[in-house]
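Undergrad: what's the 3D shape of this:
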Amino acid sequence: MDHDARTALGAQLARHLADGSTYVTDSATTVASSAYTDTHRAQVERGPLLRRHPVVVALSGQLHAPGDFATFDLPGLPLLVLRGHDGMARVFVNACRHRGVQLTDAPCGNTGRALVCPFHAWSYRTDGRLGAIPDRAGFAGVDEADLHLRELPSAERLGFVWLLPDGADPATAVDRHLGTALAGELAGYGLDRHHAFRSVRIEVDSNWKLFYETFLEFYHGVYLHRSTLAHLMQRNLVHFDRVGEHWRMAAAKQSLRTVAGEDPATWDVAEHAVVSYDIFPNLAVNLHGDHAAVYRVLPDPGRVDRCWWHFTMLTADAVEPGSKAERYFAKNFEYIVSTGQEDMAMAASAQRTMAATDRVLHGGFEPVLQWFHHRLDADVANPG
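TA: The predicted structure follows:
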């Protein structure tokens with residue numbers, strides 16, 4: 001987001017504060033409870049839906065050096081994202097071409113010059129090509145060209161590695177998905193130069209939508225999170241902007257009161273609000289001034305009432321182990337996990353009632369939820 005856009009957003013939040021107002025629509029919508037319990041719908045969402053749009057499967061900040069890798073599992077599709085010695089990040093199916101064993105189950109790491117299968121020690125170069133087969137004579141007549149790792153279409157853009165739909169143009173697919181305006185805003189944060197500080201993957205006892213929805217509004221903020229972040233934030237003082245097919249949300253901090261009477265061009269809205277981007281279908285990026293939080297929510301491959309939360313914290317500079325900076329960011333990381341666990345509890349609680357209720361209600365303070373389900377329903381109705 002450039003200076004003019006930050007100034008405009010700061011001015012809008014200051015007006016809300018002065019008026020005692022917030023962003024609100026003039027209508028409410030409902031979603032049938034079956035959207036969170038129907039097994040057929042879940043199959044569509046976890047398969048065709050997630051392969052229909054570019055989906056973030058790794059962060060550039062996890063892949064700074066040649067041989068750096070990150071693993072990520074889409075439902076039924078274990079992935080290995082690997083930085084080659086040629087500098088390219090590629091996405092492979094995380095399976096040896098011999099007997100299908102996963103090449104690694106580590107969440108991230110560095111392969112060195114080659115990745116070696118733990119079963120029979122077949123090795124692969126960092127560009128996915130087959131390196132060596134022990135006792136090669138046992139595979140006489142097998143075409144080596146068929147034994148390279150299976151690469152999937154992908155693109156590295158704006159600090160993320162995106163898995164692309166089959167047939168998509170890697171040069172344009174991500175920008176077409178995001179739109180020019182959002183791609184420009186994200187570019188301004190320089191996330192491609194950030195470093196991954198820490199990541200976590202947590203099981204959540206709810207349908208993926210119930211948990212993902214907690215990142216799409218702040219109406220609940222000071223109520224649910226009263227013991228964690230409520231003291232830092234204004235109560236329901238939020239502004240939303242639709243950016244193409246996606247949304248930006250800015251939730252005001254208490255510190256907004258200290259600058260609201262000044263020219264918004266002289267202060268940075270990122271220091272006095274949490275600016276979040278909700279990117280369809282399952283990504284949320286929160287900017288916190290000195291770090292960024294990247295959230296991805298994935299449906300479980302087998303259960304409609306379970307999902308997985310992937311959270312990675314990014315920092316502008318690499319953090320030295322044992323440093324004061326490490327202690328500071330570790331505290332912030334655990335703080336975000338704690339607030340996320342509060343959201344998980346609400347999502348799990350709602351999941352337990354879905355079979356006993358007919359619908360849920362999304363009100364005027366929840367415009368992104370309304371749009372998310374509108375967009376999602378259209379995709380489910382036409383999954384091809």
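
Undergrad: CA atoms for contacts and neighbours, from now on please.
TA: Fine.

Undergrad: Can you show me the strands along the stretch 251-384 of the chain?
TA: With DSSP state E, counting those that start in this stretch as the definition, the stretch 251-384 of the chain shows strands at residue ranges 273-279, 283-287, 291-299, 307-315, 359-362.

Undergrad: mind listing what's buried in the fourth one?
TA: Neighbour-count burial for strand 307-315 flags 307-315 (criterion: 16 or more other Cα atoms under 10 Å).

Undergrad: any chance of the strands of the stretch 251-384 of the chain in TSV, with distance to C96 and mean pLDDT too?
TA: Shown next, in TSV, are these (distance: least, Cα to Cα, whole Å; pLDDT from 0 to 100):
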stretch	distance to C96	mean pLDDT
strand 273-279	33	97
strand 283-287	29	97
strand 291-299	24	97
strand 307-315	25	98
strand 359-362	45	97
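
Undergrad: Quick one, which of these gets closest to V174.
TA: V174 lies closest, by Cα to Cα, to one member of the strands of the stretch 251-384 of the chain: strand 273-279, at 11.6 Å.

Undergrad: Tell me the helices and strands packed up against that closest one.
TA: Other elements packing on strand 273-279 under the criterion 3 or more Cα pairs under 8 Å, 6 or more residues apart in numbering; DSSP states H and E are strand 246-253, strand 283-287.

Undergrad: most tightly surrounded among those?
TA: For the helices and strands packed on strand 273-279, the largest average neighbour count (mean count of other Cα atoms under 10 Å) is found in strand 246-253, namely a mean of 23.

Undergrad: the residue most distant from the middle of this protein, which is it?
TA: Distance from the C-alpha centroid of the chain peaks at A137, with 45.1 Å (Cα atoms, centre = their mean).

Undergrad: Distance check, that residue against H53.
TA: For A137, the distance to H53 under the criterion Cα to Cα, to the nearest Å works out to 43 Å.

Undergrad: swap in E271?
TA: Distance check for E271 against H53: by Cα to Cα, it reads 32 Å.

Undergrad: and if you look at G76?
TA: Remark: distance between G76 and H53 (Cα to Cα) = 17 Å.

Undergrad: who's more crowded, the two?
TA: Relative neighbour count places H53 above the other of G76 and H53, with 19 against 11, counting by other Cα atoms under 10 Å.

Undergrad: quick one, what contacts the more buried one?
TA: For H53, the set of contacting residues under the criterion of Cα atoms under 8 Å, 6 or more residues apart in numbering consists of 164-165, 177, 281.

Undergrad: now E326
TA: By Cα under 8 Å, 6+ apart, the contact list for E326 reads 319-320.

Undergrad: tell me the contacts of the residue nearest to A95 when sequence neighbours are not counted?
TA: Counting by Cα to Cα, 6 or more residues apart in numbering, Q102 is the residue found nearest to A95 once chain neighbours are left out, at 4.4 Å. By Cα under 8 Å, 6+ apart, Q102 lies in contact with 94-96, 117.

Undergrad: Let me know the closest of these to A330.
TA: Of all the contacts of Q102, A330 sits closest to N94, with 29.8 Å by Cα to Cα.

Undergrad: nearest to R248, of the strands of the stretch 251-384 of the chain?
TA: Once Cα to Cα is applied to the strands of the stretch 251-384 of the chain, the stretch that comes out nearest is strand 273-279, at 4.6 Å.

Undergrad: Could you give the separation of the closest one from the chain centroid?
TA: Centre-to-centre, strand 273-279 and its host chain are 12 Å apart (Cα atoms, centre = their mean, to the nearest Å).

Undergrad: and the angle for that strand with strand 283-287?
TA: An angle of 160 degrees separates the directions of strand 273-279 and strand 283-287 when computed by axes from the mean of the first three to the mean of the last three Cα atoms, to 10 degrees.
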